[in-house]
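Visitor: Predicted structure and sequence below. I'll ask about it afterward.
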Amino acid sequence: MDFSLNEDIQFLKRNIREFVKNEVDPFAMEIEEKDEIPHKIIAMSKEMGLFGLSIPEEYGGLGIGMVGKCALYEEVGKTHNGYTTLIGAHTGIGTVGIVDMGNEEQKKKYLPAMARGEKIGAFALTEPSAGSHATNLKTTAVRQGDKFILNGSKHYITNATVADVFTVMAITNPEKGAKGITSFIVEKDFPGFKVGAVEKKMGLKGSQSAELFFEDCEVPIENVLGEEGQGYVNALKILANGRAGLAARNLGSCQKLIDMSMEFVEERKQFNVPIIEHQAVAHMLAEMAMDTEALRSFTYRVAWMVDQGQKVIKEAAMLKLFGSEVYQRVADKAVQVHGGIGYISEYPIERYFRDARITRIYEGTSEIQKNIISGQLRKEYKK
Amino acid sequence: MDLIVIMKRTFDTEDRISIKNGLIDEEEAEFIINPYDEYAIEEAILLREKHGGEVKVVTVGDEEAEKELRTALAMGADKAVLIDTEDVDVELDHFSIAEILTSYLKTQDFDMILGGNLAIDDGSGQVAPRVARKLDINLVTTITKIEVEGDKVTIERDVEGDVETVETTLPVLVTCQQGLNEPRYPSLPGIMKAKKKPLETIDYDDLDLEEEDIQAKSKSVELYLPPERTAGRVLKGDMEEQAKELVELLKTKSKVL
C-alpha cells in the first residue's frame, strides 16, 4: 500500500498548515474568551476555499478523495479545535448528506454556495430524548399538500448559530420506527424555524452549538433528502462518512501536542537538565508518538479503503473510537509533561485537553462505536 | 495591461539555516517566494483585477523553482516562466541575473514590471534597478501604493519612513515595499487549477547570450552566520557604581559614547 501523497495534496497541505499557523493560532485566546471565531478568519477561510473541501469539483469544490481530505483535515486539526470543528462540521456532516443523497436540483441549488462558504451547513439528528438512542426522535414531519410541516426540537447542534442549511431528521411515519424517519434540507429562513441560545460548553469554544425549534415549520417537498423513510439510514451513512475525517482532525491535534511538548521538554530544566533527559518524561513522549503514529496509519488505511469503494462500517467505527481515545491519552500526557503550565489557561495545552474530551462523545459515543464494531463482528462470524 | 513579475526563490530566513562547505546548506533549508516578491505578485493580480490583462511571473534558477512558480500561479498569476540556468558553468551574481532577465524581457510586451524591494537572503536590492536601467524604462523603488489611469501612474513610495508621491508613465518598473498590500494565500481551488496553467521553461542559451556576457562581476569572499547571542551582563553594586560602570562600558566596550 502506498502512503505517499501526490504533489497537489502536499501543496494544499502546506498551504493550510501556513494558514492556520499564521492566521488562526494567534487568535486562539480571543476565540476562547469570546466563544466566537473572528469574522476575518472565517472570511479568509472562505476566500481560500476551505469550505469546499469535501464538495465535488463540478459543484465548485475541491473534488479530492478521502485520503486527500484526511491529509488536509490533519492540518486543520493542528489549530484551535473550535475553528477545526466549524470547518469539520460544515465540510463533514453538514454537506455530505447533500453530496451523497441529494438529487441533481438540490446539489445545484445548495452545493456551489456551500463550497464558497456563503452558506454554512449543519446536521441535526440529536434531540433531548434521542442521543445514542437515535431512533427515539420526537420531531415530526406531516405532509400537507406540497409541503411538510415540522414540529419539535433538536439540541447540541454544531454550527447552529452560523448555519444556513440544516440536514434535519424527523419522523414521517411513527408506526414504522427507524424506517419512519425522513431527512430534510431546512433553510434557516423557512417559516417556523428558530435557533436557540448558544450552549455553554466545557471546551470547543468558538464552535457554537444550540437548540433548534420547529413550530409548524414549512419545508417544501422538494427538500426531502433522499427517499422518504430512509432518514435514519441516511444519518448513519452521513455519520460513517465523517468518521475518517474526524480521526484525521484528532490526528492533527495529537501531532500539534507532540510538537509543543517536544519543544517544551528540551527547554524546561529540572534537576539541572532538560526534562526530556528524565526517563519518566521521555517515556511519556515515546508513548504519545507511538499512539499518534498508530492513529496515522489507521486513519490513512481507512481513508484508502473509502477511496477504493470498500465497505468500512466496522473500520470507521473502530477508527472514530481509537482516534478519540488516542487524542484523550495524548492530551492527558501533554498536560502531565508540561506540569503546572499545562494546567494554566494562558497556555494552549489545557485547551486541547478539554477539547479532546468531546471527541469520545459526539458523532457517536465510544460505547456506540463498540456496539457497531461488535455487531459487525457477529455478522461476519455468522456467515 | 500586461504585467510581468520578476521573482526570486529564497530560503526561509525564519527557518533554521546552516552553512556547509562555505555555502547555505540547501538540503536543510526551506524555500519560499521572496516575501517582497509576494507583494509584487499580489499587486500585479490586483492591477489585473482592476484593469484586465495578464500577469506573468518570471524567475531565473533551476527546476526546483517550479514549486514557487506554481505557488504564484495558484495565487492567481496567468503564466509562469522559468529561465533555467542549471547548465551554466560560470559564477552568477546580481549583474548576471539582471542580464539574463533583460535579455528575456526585451522579447516581451509589457506595460509594467514588478519586483520586490530586495530579497531577504542577501538583501542587495540590485536586480530590479539594473533591469530597469538596461531596458531604459522608468523605475520607482519601495512603492507602498500605486494607481494607474491610462498611461499615467501615481505612486506613493517609502523614503526612510516618509512618503513621497511620484507621478510617472507606463512602461515602468516598480519594486514593492512592505505595506503595499497583504498577499493572499493561494486558494485551494487555485492550487488545483495551477497545474493546468502554462509554465514555460526557457534555457538560458535560447536567449541571445554567451556565458562570458553573464559572468559574475562580484565575488563572494566569505559566508558566515551571525554570532550567537551571548547572555547579557547584570551590573552589580549601588546605583552610582552601576551608572559609572555603565558609562565606562559604553565608552570602552560598545564604543557608542
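Guide: Nice, I can see it.

Visitor: can we go C-alpha only for contacts and neighbour counts from here?
Guide: Will do.

Visitor: Identify the residues contacting whatever residue of the stretch 1-150 of chain B ends up closest to chain A.
Guide: Residue nearest to chain A within the stretch 1-150 of chain B: B:Thr71 (8.5 Å; CA to the nearest CA). When contacts are counted by CA atoms under 8 Å, 6 or more residues apart in numbering or on different chains, B:Thr71 touches B:Pro186, B:Ile191, B:Ala194.

Visitor: Let's see that with 6 Å instead.
Guide: With contact set as CA atoms under 6 Å, 6 or more residues apart in numbering or on different chains, B:Thr71 has no partners.

Visitor: helix or strand right after the helix or strand where it lies?
Guide: If you go by DSSP states H and E, B:Thr71 is part of helix B:66-75. Next helix or strand after helix B:66-75 toward the C-terminus (DSSP H and E): strand B:79-84.

Visitor: which regions of the stretch 151-257 of chain B lie under the pLDDT threshold?
Guide: Of all residues in the stretch 151-257 of chain B, none has pLDDT under 70.

Visitor: where exactly do the helices run in it?
Guide: Secondary structure of the stretch 151-257 of chain B (DSSP state H, counting those that start in this stretch): helices at B:188-194, B:211-214, B:239-252.

Visitor: Nearest to chain A, out of these?
Guide: helix B:188-194 (5.4 Å).

Visitor: other SSEs contacting the closest one?
Guide: Judged by 3 or more CA pairs under 6 Å, 6 or more residues apart in numbering or on different chains; DSSP states H and E, the packing partners of helix B:188-194 are helix B:66-75.

Visitor: surely A:Lys314 meets A:Ile373?
Guide: Yes. With contact defined as CA atoms under 6 Å, A:Lys314 counts as touching A:Ile373 (5.0 Å).

Visitor: Are there residues contacting both of these two? Which ones?
Guide: Counting by CA under 6 Å, 6+ apart, nothing touches both A:Lys314 and A:Ile373.

Visitor: So what's the gap between stretch B:179-188 and the chain middle?
Guide: 16 Å (CA atoms, centre = their mean, to the nearest Å).

Visitor: Quick one: end-to-end length of it, please.
Guide: One end of stretch B:179-188 to the other measures 25 Å (CA to CA, to the nearest Å).

Visitor: which parts of it are buried?
Guide: Neighbour-count burial for stretch B:179-188, counted by 16 or more other CA atoms under 10 Å in any protein chain shown, picks out B:Leu180, B:Asn181, B:Pro183, B:Arg184, B:Tyr185, B:Pro186, B:Ser187, B:Leu188.

Visitor: swap in stretch B:21-39?
Guide: B:Ile24, B:Ala29, B:Phe31, B:Ile32, B:Ile33, B:Asn34, B:Pro35, B:Tyr36, B:Asp37, B:Glu38, B:Tyr39.

Visitor: And the average pLDDT for it is what?
Guide: Here stretch B:21-39 scores 88 as its mean pLDDT.

Visitor: Please work out which residues outside it touch it.
Guide: Contacts of stretch B:21-39 (CA under 6 Å, 6+ apart): B:7-12, B:17-19, B:68, B:115-116, B:119, B:183.

Visitor: Can you tell me which of those is closest to A:Ser261?
Guide: Among the contacts of stretch B:21-39, B:Ile17 lies closest to A:Ser261 (CA to CA), at 23.0 Å.

Visitor: OK, contacts around the closest one?
Guide: For B:Ile17, the contact set (CA under 6 Å, 6+ apart) comprises B:Ala29.

Visitor: Roughly how far does the spatially closest residue to A:Met262 that is not a sequence neighbour sit from chain B?
Guide: Once flanking residues are discounted, A:Met262 sits nearest to A:Leu285: 7.7 Å by CA to CA, 6 or more residues apart in numbering or on different chains. The gap separating A:Leu285 from chain B is 24 Å, by CA to the nearest CA, to the nearest Å.

Visitor: mean confidence for the one helix or strand A:Leu285 maps to?
Guide: Under the criterion of DSSP H and E, A:Leu285 resides in helix A:279-307. Mean pLDDT, computed over helix A:279-307, is 96.

Visitor: Now do that helix: which elements does it pack against?
Guide: helix A:66-76.

Visitor: How far does the helix it packs on sit from its chain's centre?
Guide: Averaging C-alpha positions (CA atoms, centre = their mean) puts helix A:66-76 12 Å from its chain's average.

Visitor: Ok, stretch B:157-164 next?
Guide: Stretch B:157-164 sits 19 Å away from the centroid of its parent chain (CA atoms, centre = their mean).

Visitor: buried set for it?
Guide: Applying a neighbour-count criterion of 16+ other CA under 10 Å, one finds B:Arg157, B:Asp158 buried in stretch B:157-164.

Visitor: if we look at that stretch, which residues are touching it?
Guide: With contacts defined as CA under 6 Å, 6+ apart, stretch B:157-164 is touched by B:Thr142, B:Ile143, B:Thr144, B:Glu156.

Visitor: Check the residues you listed one by one and keep those near chain A.
Guide: Among these, no residue is within reach of chain A (CA under 6 Å from any CA of the partner chain).

Visitor: May I have stretch A:5-14 exported as PDB, CA atoms only?
Guide: The C-alpha trace of stretch A:5-14 is given here as PDB (Å, rounded to 0.1, in the frame of the first residue of the first chain):
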ATOM      1  CA  LEU A   5       0.600  11.900  -1.000                       C
ATOM      2  CA  ASN A   6       0.600  13.400  -4.500                       C
ATOM      3  CA  GLU A   7       2.000  16.800  -5.300                       C
ATOM      4  CA  ASP A   8      -1.300  18.600  -5.300                       C
ATOM      5  CA  ILE A   9      -2.200  17.300  -1.900                       C
ATOM      6  CA  GLN A  10       1.200  18.200  -0.500                       C
ATOM      7  CA  PHE A  11       0.800  21.700  -1.900                       C
ATOM      8  CA  LEU A  12      -2.700  22.000  -0.400                       C
ATOM      9  CA  LYS A  13      -1.500  20.700   2.900                       C
ATOM     10  CA  ARG A  14       1.400  23.100   3.100                       C
END
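
Visitor: contact partners of that stretch?
Guide: A:Gly68, A:Leu72.

Visitor: rerun that using 8 Å as the cut-off
Guide: A:Gly68, A:Ala71, A:Leu72, A:Glu75, B:Leu188, B:Ile191, B:Met192.
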